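1. here is my input; please provide its structure:
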Amino acid sequence: MKHLKTLGLAALAIAAITAFTGASSASAAEFHASAVGTAIHGAQAESHKFTVTGSSVTCTTATFTGKTEALTSTTQKSHPEYSGCTAFGFVGATVNTAGCQYVFHANTGTVDLEECTAGKITITASSVFGKCVIDIPNQTGINGQTFTTQGSAPSRDILVTTKSTNVRDNVVTSTGICPLAVGEHNNATYTGTTTVKAASGEIYYT
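-> Predicted structure coming up:
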């Protein structure tokens, strides 16, 4: 009887360890692709908006391009480009993203801004009435990323929902009617949704 009791306790312990290990594995989120090196393209499904000290930048077009680097990965890179932008009340603003890469992390819900040629994204908005220039430097751990798989195999894609609240920025120029005060901030916000598709096959999150 004592031997059976010992076996029973051992079985319970093994079951508990297995359940814990299984739960940990299930919670490890990853990006999946049907092929390596396939081009991916992201387009805004809902307008993207960057806001600092109550003033915003919105663009009619936001696109994100890259390629799949592995069949399964916890990260995915994409290069952002913005056009048709209105910034801080100025129409025709420019957003310089040369070389920049967003690196999305599947298991932390964060994104890093890396590899910008000038070390930053620069937003410039101006008219005869004033000028705003704001830099968004390379940085890590931008919060508020949620990933959802859409569709069904073999043509799934990913909806990325962004509600960031900790973006670092530096207002370097503010003249005339520009509503921004020169200085650095670490609580700018960025919101929007993006549908990311593979040029062939699929990309999905689970």
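2. tell me the buried residues in stretch 133-143?
-> 133-139, 142 (16 or more other C-beta atoms under 10 Å). Bear in mind the C-beta positions are built from the backbone N, C-alpha and C, glycine included.
3. and what of stretch 149-156?
-> For stretch 149-156, using 16+ other C-beta under 10 Å, the buried residues are 149, 156.
4. got it, and stretch 188-203?
-> 188-198, 202-203.
5. for those residues, which one is nearest residue 89?
-> The shortest approach to residue 89 among the buried residues of stretch 188-203 belongs to residue 188, at 16.7 Å (C-beta to C-beta).
6. just the element for that closest one, please.
-> In this structure, residue 188 is located in strand 183-198 according to DSSP states H and E.
7. who does the next helix or strand after that strand pair up with?
-> Next helix or strand after strand 183-198 toward the C-terminus (DSSP H and E): strand 203-205. Strand 203-205 has the following sheet partners, assigned by DSSP bridges: strand 31-33 (antiparallel).
8. could I have the lengthiest strand in the chain exported to PDB, CA atoms only?
-> The strand that spans the most residues within the chain, counting by DSSP state E, is strand 157-176. Provided in PDB are the C-alpha atoms of strand 157-176 (Å, rounded to 0.1, in the frame of the first residue of the first chain):
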ATOM      1  CA  ASP A 157      -2.300  37.300 -42.300                       C
ATOM      2  CA  ILE A 158      -1.700  39.400 -39.200                       C
ATOM      3  CA  LEU A 159      -3.500  42.400 -37.800                       C
ATOM      4  CA  VAL A 160      -1.200  44.600 -35.700                       C
ATOM      5  CA  THR A 161      -3.000  46.900 -33.300                       C
ATOM      6  CA  THR A 162      -0.800  49.600 -31.800                       C
ATOM      7  CA  LYS A 163      -1.600  51.600 -28.700                       C
ATOM      8  CA  SER A 164       1.800  52.800 -27.600                       C
ATOM      9  CA  THR A 165       2.200  55.300 -24.700                       C
ATOM     10  CA  ASN A 166       6.000  55.400 -24.000                       C
ATOM     11  CA  VAL A 167       7.500  56.700 -27.300                       C
ATOM     12  CA  ARG A 168      10.600  58.900 -26.700                       C
ATOM     13  CA  ASP A 169      10.900  62.100 -28.900                       C
ATOM     14  CA  ASN A 170      12.900  65.300 -29.100                       C
ATOM     15  CA  VAL A 171      11.300  68.600 -30.400                       C
ATOM     16  CA  VAL A 172      14.300  70.300 -31.800                       C
ATOM     17  CA  THR A 173      12.600  73.300 -33.600                       C
ATOM     18  CA  SER A 174       9.500  75.200 -32.800                       C
ATOM     19  CA  THR A 175       8.800  78.600 -34.300                       C
ATOM     20  CA  GLY A 176       5.800  80.700 -35.200                       C
END
